[in-house]
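Asks: The following block contains a protein sequence and its predicted model.
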Amino acid sequence: MNKILLVEDDEALGLAIEFSLINEGYEVVRASSVKEAKQQFDRHTFDLSILDIGLPDGNGYDLCLHFKKQNDSSVIFLTALDEEANVVMGLDIGGDDYITKPFRVKELMSRVKVQLRKQARLDTSSAILTSENIKIDTSQVKVYKNHESIPLTNLEYKLLLTFMMNAHKALKRDEILLKITVGEDVFFDENTLSVYIKRLRDKVEDDPKNPQFIVTQRGLGYRWNKDVSRE
């Protein structure tokens, strides 16, 4: 049974979402503040967190940052703010999806299922991939640089995994898009891919402007430029 952390300070809305999640067969732990949410997160292991952005003692952005430092379980933001800047901020700090209030509970349930399917696929293979100072532990869905954990979103993780599983192979843009979005309820284009490539380089490269791992193959796409060992 998947366990979900629901952080919502609106009692009526929180109860409605909790009821719907339980009705779908999920185990739910509900919190109404940043402090309570952190306590529950430290006490339990969650497959997904649903975070309201506006909370009485802080905000969902801070919670997302706190959670992503510890693991890369999925995060969905609930927000009354539908301005592009707020959406981008949530995704930039590691959020996996967002839904704007008011919303239909069925739509939220659909998004929850997408994120849990995504997480399950990431957990299916178990191996450790190492390329110089970069390591992926697929059993833990964690990435390390110089032995220190680095936070990646689900799509960034899948992108890095795709590169390292195909080391030294030139991957066309449409081929990469297919590999990281197959079966996903997401809309991706080549411009979005370029943004994710830049973000990934910022996290794994020592000098992102002079990349040594993810190199551009002009007219072709991208290539992981280092050897990769598998344990």
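Replies: Arrived safely. Residues are numbered from 1 along each chain as shown.

Asks: doesn't Leu63 make contact with Ala37?
Replies: Yes: using CB atoms under 8 Å as the test, Ala37 is close enough to Leu63 to be in contact (5.5 Å). (Each C-beta comes from the backbone N, C-alpha and C, glycine too.)

Asks: With neighbour numbers in mind, choose between these two.
Replies: Neighbour tally, Ala37 and Leu63, criterion other CB atoms under 10 Å: the higher count belongs to Ala37, 28 against 25.

Asks: quick one on the thing from earlier: between Ala37 and Leu63, what contacts are shared?
Replies: Common neighbours of Ala37 and Leu63 are listed as 7, 49, 51, 55 (criterion: CB atoms under 8 Å, 6 or more residues apart in numbering).

Asks: quick one, phi psi at the first one?
Replies: Backbone torsions of Val7, given as degrees, to the nearest 10, read phi -120, psi 110.

Asks: Tell me how many other residues surround it.
Replies: One way to gauge burial is a neighbour count; for Val7, by other CB under 10 Å, it gives 25.

Asks: Quick check: it touching Gly54?
Replies: No: Val7 lies out of contact with Gly54 (CB under 8 Å); the separation is 10.7 Å.

Asks: Now do the buried residues in stretch 95-109.
Replies: Applying a neighbour-count criterion of 16 or more other CB atoms under 10 Å, one finds 95-99, 108-109 buried in stretch 95-109.

Asks: ok, which stretches of the chain are helices?
Replies: Using DSSP state H, the helices of the chain run over residues 11-23, 34-43, 60-68, 84-92, 105-122, 154-165, 173-181, 190-204.

Asks: Give me the residues contacting the last one.
Replies: Taking CB under 8 Å, 6+ apart as the criterion, the residues outside helix 190-204 that touch it are 134, 143, 145, 150, 152, 155-156, 159-160, 173, 176-177, 208, 211, 213-214, 222.

Asks: quick check: angle from it to helix 84-92?
Replies: Angular relation of helix 190-204 and helix 84-92 on a 0 to 180 degree scale: 50 degrees, by axes from the mean of the first three to the mean of the last three CA atoms, to 10 degrees.

Asks: Return helix 190-204 as PDB; C-alpha atoms alone will do.
Replies: Below are the C-alpha coordinates for helix 190-204, written out as PDB (Å, rounded to 0.1, in the frame of the first residue of the first chain):
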ATOM      1  CA  GLU A 190      12.800  20.000 -27.500                       C
ATOM      2  CA  ASN A 191      13.000  23.400 -25.800                       C
ATOM      3  CA  THR A 192      11.900  21.800 -22.500                       C
ATOM      4  CA  LEU A 193      14.500  19.100 -23.000                       C
ATOM      5  CA  SER A 194      17.200  21.800 -23.400                       C
ATOM      6  CA  VAL A 195      16.200  23.300 -20.100                       C
ATOM      7  CA  TYR A 196      16.400  19.900 -18.300                       C
ATOM      8  CA  ILE A 197      19.800  19.200 -19.900                       C
ATOM      9  CA  LYS A 198      21.000  22.600 -18.600                       C
ATOM     10  CA  ARG A 199      19.700  21.800 -15.100                       C
ATOM     11  CA  LEU A 200      21.300  18.400 -15.100                       C
ATOM     12  CA  ARG A 201      24.600  19.800 -16.200                       C
ATOM     13  CA  ASP A 202      24.400  22.400 -13.400                       C
ATOM     14  CA  LYS A 203      24.100  19.500 -10.900                       C
ATOM     15  CA  VAL A 204      26.600  16.900 -12.200                       C
END
